[in-house]
Structures are given as C-alpha cells and as structure tokens.
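A.B. asks: Here's a sequence, model it:
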Amino acid sequence: MKNLKIALVSQKFAGSVLKCRQKSVEMIEKVAKDGAKLVILQELHEWAYFCQSERVENFALAENFNESLKFWGETAKKFGIVLVTSLFEKRAPGLFHNTAIVFENNGEIAGKYRKMHIPDDPNFYEKFYFTPGDLGFEPINTSVGRLGVLVCWDQWYPEAARLMALKGAEILIYPTAIGWFDGDDEVEKSRQLEAWVAVQRGHAVANALPVIAVNRVGFEAETISDIIKEDNFNGEISDEILNENDEISCENLDKICKKSNDKKNATKISNGIRFWGNSFVFGAQGEQIFRANSTDEIAKVVELDMQRCENVRAWWPFLRDRRIDAYDKLTKRFID
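C.D. replies: Residues are numbered from 1 along each chain as shown. Below you'll find the model as predicted:
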C-alpha cells in the first residue's frame, strides 16, 4: 500500500460512557466517509481520565471491558476500518491493564498491547490501577500494515520505539493522555509540551518511521470521579458541570458541591489536568505532516506516503550501522 489514509480522533470527555462512545462514533463516521482506513482514538477514550485520584470505586469502569470489545469490533466492521482503541482491561480479579486493542476492518481483534511503562506522578496515579504489560513490544499485523502500538508514557522511552522498529513495525502509534496543570506558568507549559513533541519526533527520525500521537483535549477536574453516579456506564455528568466549551469545569463543580452543602468535595475541587491536545503525525524523517492545536477536538484525515517511508529507511540505514556488539549494558537500570 503506497498511500495510507489515517485518521486521528481526539475529543473532550462527554459525561458518560454512552455519550463518549456516541461522540467517537460520530467522528469515526466522518473520517471514514473521507476515506480513512486506519483510525486512532485517544487513551482511555470511553471515560474521563480517572487516574487523577486513587479510588477503588473506579475499578468498576473495567467491568464493561468485554462489552467494549464487542462494541468497538462492531464499529470497525460497520465503517470498514482498522481501529486502534484504548481500554481499561479487567483481566482477572485484582489484575487490571491499560490496554490498546486493535480491530481489523472485519471487526475481529487483530491484536493487543498492554501499556508497559506506568507513571505514578501527581494526578497521574496509574500504578494504583494498572499492572505493567506482559506482552512485550510486539507489532500488530493488520490489513493496512504492521502497527507498533504503544501507549502514552511509553512515548518517553526510545527503547520501546526501537524494539517495535526492530520487529518490523511500519508505523509507531501512541494513544495519549497528557496535559498541563493550570498553576504552571506559560514558559514551563511550553517546555513540557515541546519536550513531549521533540522526543517522539526523535523516534521518527531514529527509526525512519512515521509516528502518530492522539492526545486527549479539554480540562478535567481532579475530583470528577468523586461525584459521578455509581452506574458509570449509564450515569451521566450533569450539564450544569460543563462549561460553555463542554469541558468539566472546576468552577461549575464547586457550585454543584456548594449547592449540596458537600463541604468535603467543595474544598477538594482545586486541581485538574488541562489536556494539551497537539495530536500529530510526523513522517519518517521527522517532518511535520500534521499537528493540532491545544484546545480543539479533531477528526482529521492525513495521508501517509508509505513507499516514501520505506525509501527513507533505505536512504538512512540506521539499522545497518548499529553497534549491537556494544549495547549489552542497555539492559541495566543504571551503570554504576
């Protein structure tokens, strides 16, 4: 396949699993009509980014995993696309993963990747929820090519991208959930964002592969999960909580809590993540093919010249010149 139309779908949290799905499907339908054959959704796209707090009730979100597989498989088949999803997997009681599932255009599961690098930082308390993946770095064979699917925090590790490349990946793909804290100054925000872009652009250049990242967008308050109904699948966030941009607003949440005289929640609502969007596609030489802004939802179709990507690997034979005889210590955490 010399040219491949891929689509990036990034959206704000819509208030419930059902509403998130509905919005995703509407955007998928749009890009499918525009000719997309590969569609990539953001990290944990069925719900808010619940890892901002450590709350055992949130494990209930993974109870829908098998139903989610059925739904997204049917969606891929309906629109005739290869679909990259990002789901909260309940593998067994007490064993959960942050898992990317790739569906073939006939609705069958082409493969899965369980997130390997798990962060544990303020408002990104993923180690509370997710066990590190045990499937390794294995590309997934599909009708549109061999996909090197990784997830978010994996994008900071060149080893992960390299291993995917060494195993024959033709595209590197990162569903993502990353953003700023509003308390950071603009200079710091710029440093963080551009570091995130630069490290992945480096993966494209170093491996002579196109790189695609699809990031969440919009503001989500830290305490959103504390006031959501227990029935997370059908339960919805009140429209009162959404601001004029359909974002989860700290200010509006604070008003709701004060109305109900819930002083505990009212005092807790102070933090959150403003997901910085900036979803992108870089070519095999690191050239920017597409980059979104920091605020808007996107359903964007981008065309990749896969033959040119293959040519770049021949022009710049990085794999040929690797000194594999001298890399044995890379398996150490630190060389003392």
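
A.B. asks: quick one: contacts for S10?
C.D. replies: S10 makes contacts with 42, 214-217, 277, 279, 292, 297-298, as judged by Cβ atoms under 8 Å, 6 or more residues apart in numbering. Backbone N, C-alpha and C define where each C-beta goes, glycine included.

A.B. asks: Save those as JSON lines, and put in distance to L95 too.
C.D. replies: Formatted as JSON lines, the contacts of S10 follow (distance: Cβ to Cβ, whole Å):
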{"residue": "Q42", "distance to L95": "24"}
{"residue": "V214", "distance to L95": "27"}
{"residue": "N215", "distance to L95": "27"}
{"residue": "R216", "distance to L95": "25"}
{"residue": "V217", "distance to L95": "31"}
{"residue": "G277", "distance to L95": "32"}
{"residue": "S279", "distance to L95": "31"}
{"residue": "A292", "distance to L95": "35"}
{"residue": "E297", "distance to L95": "33"}
{"residue": "I298", "distance to L95": "34"}
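
A.B. asks: Going by neighbour count, which of those comes out on top?
C.D. replies: Neighbour tally across the contacts of S10 (other Cβ atoms under 10 Å): the maximum, 30 neighbours, falls on V214.

A.B. asks: can you tell me which of the contacts of S10 are in strands?
C.D. replies: Per DSSP state E, strands hold the following members of the contacts of S10: 214-215, 217, 298.

A.B. asks: Out of these, the closest to L38 would be?
C.D. replies: Nearest to L38 among the ones in strands among the contacts of S10: V214, at 11.4 Å, using Cβ to Cβ.

A.B. asks: A strand includes R21, no?
C.D. replies: No. Using DSSP: H, G, I helix; E, B strand; the rest coil, the secondary structure at R21 is helix, not a strand.

A.B. asks: mind showing which ranges of the stretch 151-300 of the chain have poor pLDDT?
C.D. replies: Within the stretch 151-300 of the chain, the segments meeting pLDDT under 70 span 225-270.

A.B. asks: Which parts of it are strands?
C.D. replies: 171-176, 179-180, 211-215, 217-221, 272-276, 280-282, 288-291, 298-305 (DSSP state E, counting those that start in this stretch).

A.B. asks: Need the contact partners of the last one.
C.D. replies: Among residues not part of strand 298-305, those counted as contacts by Cβ under 8 Å, 6+ apart are 2-10, 27-28, 30-31, 34-36, 171, 210, 217, 277, 279, 281, 283, 289-290, 292.

A.B. asks: Each with direction, which strands does it pair with?
C.D. replies: Take DSSP bridges as the rule and strand 298-305 pairs in its sheet with strand 3-10 (antiparallel).

A.B. asks: same thing with the second one?
C.D. replies: Counting by DSSP bridges, the strands paired with strand 179-180 are strand 272-276 (antiparallel).

A.B. asks: what angle separates the partner strand from strand 211-215?
C.D. replies: Angle, strand 272-276 to strand 211-215, by axes from the mean of the first three to the mean of the last three Cα atoms, to 10 degrees: 140 degrees.

A.B. asks: Which positions within strand 272-276 qualify as buried?
C.D. replies: For strand 272-276, the neighbour count (16 or more other Cβ atoms under 10 Å) marks 272-276 as buried.

A.B. asks: Stretch 95-114 too?
C.D. replies: Residues of stretch 95-114 classed as buried by neighbour count (16+ other Cβ under 10 Å): 96-105, 107, 110-114.

A.B. asks: now for the residues you listed, which pair is the farthest apart?
C.D. replies: Using Cβ to Cβ, the buried residues of stretch 95-114 reach their maximum pairwise distance at F96 and N105, which is 28.6 Å.

A.B. asks: one step back: export the buried residues of strand 272-276 to a markdown table and append columns for distance to F128.
C.D. replies: Listed next are the buried residues of strand 272-276 as a markdown table, based on distance: Cβ to Cβ, whole Å:
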| residue | distance to F128 |
| --- | --- |
| G272 | 18 |
| I273 | 16 |
| R274 | 22 |
| F275 | 20 |
| W276 | 23 |
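
A.B. asks: For these, which two are the farthest from each other?
C.D. replies: The largest separation in these, counting by Cβ to Cβ, is between G272 and W276 at 12.9 Å.

A.B. asks: how near is N207 to Y49?
C.D. replies: Distance of N207 to Y49, given as Cβ to Cβ, to the nearest Å: 28 Å.

A.B. asks: again with F79
C.D. replies: As judged by Cβ to Cβ, F79 and Y49 stand 26 Å apart.

A.B. asks: Likewise for I40?
C.D. replies: 17 Å.

A.B. asks: Reformat the strands of the stretch 151-300 of the chain as JSON lines; add distance to W72.
C.D. replies: Shown next, in JSON lines, are the strands of the stretch 151-300 of the chain (distance: least, Cβ to Cβ, whole Å):
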{"stretch": "strand 171-176", "distance to W72": "13"}
{"stretch": "strand 179-180", "distance to W72": "24"}
{"stretch": "strand 211-215", "distance to W72": "15"}
{"stretch": "strand 217-221", "distance to W72": "20"}
{"stretch": "strand 272-276", "distance to W72": "21"}
{"stretch": "strand 280-282", "distance to W72": "22"}
{"stretch": "strand 288-291", "distance to W72": "24"}
{"stretch": "strand 298-305", "distance to W72": "16"}
